[in-house]
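Student: Starting from these lines, generate the structure:
(chains A and B)
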Amino acid sequence: MTHASATVDVMRAPYPAERGLDVYNHKLGMWVFLASEVMFFSALIGSYVILRFGAPGEWARPGVVLNIPITAFNTFLLICSSVSMVKAYAAIADGDQKGLRLWLGLTILGGGTFVGIQVFEYIHLVERGFTPAGIREGSELAEMVAKGTLPAATSGLYGSTFFTMTGFHGFHVTCGVVSMLYLYFRKVLPGKYSRQDYRGIETVGLYWHFVDLVWIILFTIVYLI
Amino acid sequence: METAHKRPNYILIWVYLAVLTAAELALAFELPISRNLKLLLLLALAVWKALLVALFFMHLKFEKWNLRILAIIPVPLALIFMFAAMSEHIW
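Tutor: Down below sits the predicted model:
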């Protein structure tokens, strides 16, 4: 599990910690923000679970409406970008500027591609007739409802919960990509981070891993169950 | 005295996450098991993956307990919130 033989604690940042929780303010602020984000996504997921269990009819089976292969690829992409983010962190903690630029660049690319694929998925779903208000009349999915292969009673709930949850997550990913782009051009390329101070990378990294973590839960709940 | 940590093998964690994602897909669409068991196993796999990300990528495994508590506190609150909201379907 380990591949480093350092005698110093490489998992502890070199800058001075504030009194109290013994972490620097940026990191503490991010953790408090992430704690509030847990409650935000809990509200969304909780609403989905309640609506689904209490729905008047059967819910659409996984894979009937949503495109699972492309979303599975997107999930894998987000996991890859989480790894590249932590590699960027490890690179600058070792003072490797080139490694930081490479891994953070790959993370931005992965995040941007994730959002692009999600937009493509939305366009494709709306074209097929799946909208936040339910299934559009005269569409391909409406024909499936007419044939009885897709339940109609819950389609409005399904559409609204699906687009709300994945939309808010996509918004978070977009915010992460914008934040990383800012860091990349204003801080990373000019070489403002060093092994003595890489607080921005660690803080935005925490946010990015949290976004990945939320998607892991959402993918299972929305796409697989 | 502070204990020195070694950096985890991030690529190995990535392999675990990729394998667990593949296992989720196989479980969801290939394995002929009951729906309730499938639901339970899929949720367990998702929690396992989430823990890997939190412990190794967010470095909670290497943080001091005071920060870990800050990270853990919203989880039981979220569970209480969900169970409270679901109570009308359970009882």
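Student: hey, let's count contacts and neighbours off CA atoms from now on
Tutor: OK.
Student: pLDDT weak spots in chain B?
Tutor: B:1-4, B:88-91 (pLDDT under 70).
Student: For it, which segments count as helices?
Tutor: Residue ranges of the helices in chain B, as given by DSSP state H, are B:10-29, B:35-52, B:65-72, B:74-90.
Student: want to throw those into JSON lines with mean neighbour count and distance to A:V211?
Tutor: Formatted as JSON lines, the helices of chain B follow (neighbours: other C-alpha atoms under 10 Å in any protein chain shown; distance: least, C-alpha to C-alpha, whole Å):
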{"stretch": "helix B:10-29", "mean neighbour count": "17", "distance to A:V211": "15"}
{"stretch": "helix B:35-52", "mean neighbour count": "17", "distance to A:V211": "11"}
{"stretch": "helix B:65-72", "mean neighbour count": "14", "distance to A:V211": "15"}
{"stretch": "helix B:74-90", "mean neighbour count": "14", "distance to A:V211": "16"}
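Student: among the ones you listed, which is nearest A:R199?
Tutor: Ranking the helices of chain B by their distance to A:R199 (criterion: C-alpha to C-alpha) puts helix B:65-72 first, at 16.3 Å.
Student: tell me what the closest one is packed against?
Tutor: Where contact means 3 or more C-alpha pairs under 8 Å, 6 or more residues apart in numbering or on different chains; DSSP states H and E, helix B:65-72 is packed against helix A:25-53.
Student: just checking, what packs against the helix it packs on?
Tutor: helix A:155-183, helix A:199-218, helix B:65-72, helix B:74-90.
Student: okay, those in CSV with distance to B:Y16 next?
Tutor: Output for the helices and strands packed on helix A:25-53, formatted as CSV (distance: least, C-alpha to C-alpha, whole Å):
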stretch, distance to B:Y16
helix A:155-183, 23
helix A:199-218, 13
helix B:65-72, 23
helix B:74-90, 23
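Student: Compare those helices and report which one is nearest to B:V47.
Tutor: Using C-alpha to C-alpha, those put helix A:199-218 closest to B:V47, at 7.4 Å.
Student: give the contact list for A:A133.
Tutor: A:S155, A:G156, A:L157, A:G159, A:S160 (C-alpha atoms under 8 Å, 6 or more residues apart in numbering or on different chains).
Student: One more: A:L21?
Tutor: Shown in contact with A:L21 (C-alpha under 8 Å, 6+ apart): A:L28, B:N66, B:L67.
Student: sec struct for it, please.
Tutor: Under DSSP: H, G, I helix; E, B strand; the rest coil, A:L21 falls in the coil class.
Student: okay, stretch A:217-225 in PDB with CA atoms only?
Tutor: Taking Å, rounded to 0.1, in the frame of the first residue of the first chain, the C-alpha atoms of stretch A:217-225 are listed here in PDB:
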ATOM      1  CA  ILE A 217     -23.400   7.700  -4.300                       C
ATOM      2  CA  LEU A 218     -25.600   9.400  -7.000                       C
ATOM      3  CA  PHE A 219     -24.500   7.000  -9.700                       C
ATOM      4  CA  THR A 220     -25.600   4.000  -7.600                       C
ATOM      5  CA  ILE A 221     -28.900   5.500  -6.400                       C
ATOM      6  CA  VAL A 222     -30.100   7.200  -9.600                       C
ATOM      7  CA  TYR A 223     -28.600   4.900 -12.300                       C
ATOM      8  CA  LEU A 224     -28.200   1.400 -10.900                       C
ATOM      9  CA  ILE A 225     -31.100   0.900  -8.400                       C
END
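Student: if we can go back for a sec, out of the contacts of A:L21, which is nearest to A:L224?
Tutor: Looking across these and measuring by C-alpha to C-alpha, the closest to A:L224 is B:L67, at 32.8 Å.
Student: Next up, the contacts around the closest one.
Tutor: Counting by C-alpha under 8 Å, 6+ apart, B:L67 has contacts A:L21.
Student: got the contact list for B:L70?
Tutor: Counting by C-alpha under 8 Å, 6+ apart, B:L70 has contacts A:W31, A:V32, A:A35.
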